[in-house]
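Visitor: Whatever this is, show me its structure:
(4 chains)
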2 protein chains.
Amino acid sequence: MGTKERRQRQFEEREARFLKAARELIHENGLLSLQMTRIAERAEYAVGTLYLHFASKEDLLLALTVEDARIHVELFQRVARWQASPRDRMFAIGVADMLFVRRHPEHFRIGQYVFTEVVWGAASAPRRQALLEANDPIGEIVTGIINDAVSSNKLQLKGLTPEQVSIGLWSLTIGTHNLVHAEGVMEDFNVGNPYRLLCRHIQTMLNGYGWKPLADLSDDAALDALIERISNEVFPELCGDCEA
Amino acid sequence: MGTKERRQRQFEEREARFLKAARELIHENGLLSLQMTRIAERAEYAVGTLYLHFASKEDLLLALTVEDARIHVELFQRVARWQASPRDRMFAIGVADMLFVRRHPEHFRIGQYVFTEVVWGAASAPRRQALLEANDPIGEIVTGIINDAVSSNKLQLKGLTPEQVSIGLWSLTIGTHNLVHAEGVMEDFNVGNPYRLLCRHIQTMLNGYGWKPLADLSDDAALDALIERISNEVFPELCGDCEA
DNA sequence: CCAATCAGTGAATCTAATTCAAGATTGAAA
DNA sequence: TTTCAATCTTGAATTAGATTCACTGATTGG
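Guide: Modelled structure (predicted):
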């Protein structure tokens, strides 16, 4: 009989409902004042029920991040399927991040918190596992592109592994997200759009690796054109405010 | 009369005592189980007294980070005074970070937490201000080096401001610290020493900027030699385990 | 139809941060 | 040396909010 299956489905629906409620509350009042009681209220269930799904508040935050990670990964997968040079695809990963963060401004804020010793340690082991697994494809996609570049002679690893190269780009990206969310920094430094700047840094780094064809870093128009082109070709529906 | 001054001094000593106690407890049991009552106990004062110094637990964590930041800045200042090419000095900033993190392994772990919306928002405004100010010199030193490079024709900014260039390197560094502390990532990716890898990425990035003299990225021995040389010349007393 | 099991509830519990009324200490003035 | 207002320190009491669990009503299989 399908009873069990139906139960399972309802359980998952309820979980989604809790996560949605949590997202709304975070959006409305910020992560700081998120309360379990409020989440349960908003979802129209008892607190006890909420705890049937999440081992702790931190666990719930990881669950939110897992959801986002899936969407994030999908964008990356689209890049992986895109017919373009490895270098353009690698760059497109950065553009994907830029668009993703624009659609999910809370994601990196929560993500930053969630990967903190305190929060990570207070979540349940299975949830941690789930989050790590949800992010796995990202690494695979990036190293895949790097391998393509190597095998088509566009890139020489010079003793590094593809993973090590990807760590560099990943660090650059994560670091930018961090600085964006760290109060005041980007303002004080009068950077314009930090994510456009990230795109430039990615190009710089790729040039540093000698990843061919090299980009002309002083050509701002070319950079914008490429971002625009990728936005249109790979993420047409995310567009509308592609520039700047 | 000096009564007021003495009081002031004693107050500061007590604050340092609290911070030391907090550090010990974090070292012993981790950030996760840090408790205000325990800190007070360890410092041999009442909880109320602890709250005379820190507006909240989060405030205390910022205070810890401010202390560390001062040490951090000192290392950077030594680099700024070092007689060497701008490129070597810029690279030495990375080495300083590597040595600093080795001496203060908790710093970036706490720092990561502290710059989180939740913690940042729960600290007092003056403390936030203090933390931002404590970090100010870092930006100044880095942009100073960049300006030196520009005026000696080693580097062309190609439309970026010195601040924007520094953001790139800073992001790379922060991102690496983050990944190091994010459970499992560095292990899964079988990176060796993540900070040595950061050094390589910094060289890559500097090459990407076309910052002369360009480094030969495939020359591992040269990289190690440079790290070694900087450790000895600029940070002789931090040495002892300079390599690897 | 009934007993057994299961899912859902929310008031009660627990943990730890934070406060504040009361007591102790200080030091300038008499 | 004594006094006393001002200042500092204290830790028990309060508070906030996460988490639990004994209870209740629903569901299922016999």
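
Visitor: From A:T49, how far out is A:R6?
Guide: Here the criterion is CB to CB, to the nearest Å. By it, A:R6 lies 18 Å from A:T49. Quick note: C-beta positions are derived from backbone N, CA and C, even for glycine.

Visitor: likewise A:A22?
Guide: Using CB to CB, one gets 14 Å for the distance from A:A22 to A:T49.

Visitor: ok, these two, which is more surrounded?
Guide: Counting neighbours by other CB atoms under 10 Å in any protein chain shown for A:A22 and for A:T49 shows that A:A22 has the greater number, 25 against 13.

Visitor: How about chain A: which residue is closest to DNA strand C?
Guide: A:G48 (1.9 Å; CB to the nearest atom of the strand).

Visitor: A:A92 - how many residues pack around it?
Guide: Here the neighbour count serves as a burial measure; for A:A92 (other CB under 10 Å) it reads 26.

Visitor: Ok, the one 5 residues further on next?
Guide: Counted with other CB under 10 Å, the burial measure for A:D97 works out to 23 neighbours.

Visitor: Could you do A:R229 as well?
Guide: The criterion is other CB under 10 Å. On that basis, A:R229 has 15 neighbouring residues.

Visitor: thinking again about what came up before, and the residue of chain A closest to DNA strand C, how many neighbours?
Guide: The burial count for A:G48: 8, using other CB under 10 Å.

Visitor: Mind telling me which residue is nearest the centre of chain A?
Guide: The centre of chain A sits closest to A:H72, judged by CA atoms, centre = their mean, with a distance of 4.9 Å.

Visitor: Nearest residue to A:V101 in space, please, no chain neighbours.
Guide: Nearest residue to A:V101, sequence neighbours excluded (CB to CB, 6 or more residues apart in numbering or on different chains): A:F108, at 6.1 Å.

Visitor: what does chain A have sitting close to DNA strand C?
Guide: Residues of chain A that fall close to DNA strand C, judged by CB under 7 Å from any atom of the strand: A:7, A:10-11, A:14, A:45-49, A:51-52.

Visitor: And for the helix or strand of chain A with the lowest mean pLDDT, what's in contact with it?
Guide: Per-element confidence for chain A was summarised using mean pLDDT, DSSP states H and E. The lowest value among helices and strands belongs to helix A:185-188, with a mean of 74. The set of residues that contact helix A:185-188 without belonging to it, under CB atoms under 8 Å, 6 or more residues apart in numbering or on different chains, is A:179-180, A:194, B:132, B:139, B:167.

Visitor: 7 Å instead, please
Guide: For helix A:185-188, the surrounding residues in contact (CB atoms under 7 Å, 6 or more residues apart in numbering or on different chains) are A:179-180, A:194.

Visitor: Tell me which other helices or strands the one helix or strand A:A21 maps to touches.
Guide: Secondary structure from DSSP states H and E places A:A21 in helix A:3-29. Applying 3 or more CB pairs under 7 Å, 6 or more residues apart in numbering or on different chains; DSSP states H and E, one finds that helix A:3-29 makes contact with helix A:36-43, helix A:47-53, helix A:57-81.

Visitor: one more time with 10 Å, if that's ok
Guide: Using 3 or more CB pairs under 10 Å, 6 or more residues apart in numbering or on different chains; DSSP states H and E as the contact definition, the elements that helix A:3-29 packs against are helix A:36-43, helix A:47-53, helix A:57-81, helix A:105-114.

Visitor: Return the per-residue confidence for A:G240.
Guide: The predicted local distance difference test score for A:G240 is 59.

Visitor: do the same with A:G2
Guide: On pLDDT, A:G2 comes in at 66.

Visitor: try the one 3 residues further on
Guide: Listed pLDDT for A:E5 reads 78.

Visitor: And A:V101, by the same measure?
Guide: 91.

Visitor: Could you say whether it sits in a helix, a strand or coil?
Guide: Three-state call for A:V101 (DSSP: H, G, I helix; E, B strand; the rest coil): helix.

Visitor: which one in the contacts of helix A:185-188 is the model shakiest on?
Guide: Lowest-confidence member of those: A:V180, scoring 88 (pLDDT).

Visitor: doesn't A:D97 make contact with that residue?
Guide: No. Contact status for A:V180 versus A:D97: not in contact, 11.3 Å apart, counting by CB atoms under 10 Å.

Visitor: nearest residue to A:G121 other than its sequence neighbours?
Guide: Leaving aside its chain neighbours, A:G121 sits nearest to B:L32 (4.7 Å; criterion: CB to CB, 6+ apart).

Visitor: can you pull the pLDDT of that neighbour?
Guide: Taken from the predicted model, the pLDDT recorded for B:L32 is 95.

Visitor: Can you report how many residues neighbour it?
Guide: Using other CB under 10 Å: B:L32 sits among 13 other residues.

Visitor: try A:P213
Guide: Using other CB under 10 Å, A:P213 has 10 other residues around it.

Visitor: quick one: which helix or strand includes it?
Guide: Take DSSP H and E as the rule and A:P213 turns out to sit in neither a helix nor a strand.

Visitor: quick one: it from chain B, how far?
Guide: 14 Å (CB to the nearest CB, to the nearest Å).

Visitor: returning to that earlier point: please pull up the helix or strand immediately following the least confident helix or strand of chain A.
Guide: Remark: after helix A:185-188, the chain's next helix or strand is helix A:194-208, criterion DSSP H and E.

Visitor: and that following helix, what does it pack onto?
Guide: Helix A:194-208 packs on helix A:86-103, helix A:162-181, helix A:185-188, helix A:220-234, helix B:162-181, helix B:194-208, going by 3+ CB pairs under 10 Å, 6+ apart.

Visitor: repeat that with 8 Å
Guide: When contacts are defined as 3 or more CB pairs under 8 Å, 6 or more residues apart in numbering or on different chains; DSSP states H and E, helix A:194-208 packs onto helix A:86-103, helix A:162-181, helix A:220-234, helix B:162-181, helix B:194-208.

Visitor: which residues are contacting that helix?
Guide: Helix A:194-208 is touched from outside by A:87, A:90-91, A:94-95, A:97-98, A:101-102, A:168-169, A:172-173, A:176, A:179-180, A:186, A:191, A:214-215, A:217, A:223, A:227, A:244, B:160, B:164, B:167-168, B:171, B:201, B:203-209, B:217, with contacts defined as CB under 8 Å, 6+ apart.

Visitor: Looking at the residues of chain A next to DNA strand C, point me to the pair that's furthest apart.
Guide: Across these, the longest distance by CB to CB is 21.0 Å; it joins A:R7 and A:V47.

Visitor: Fine, thanks again, bye for now.
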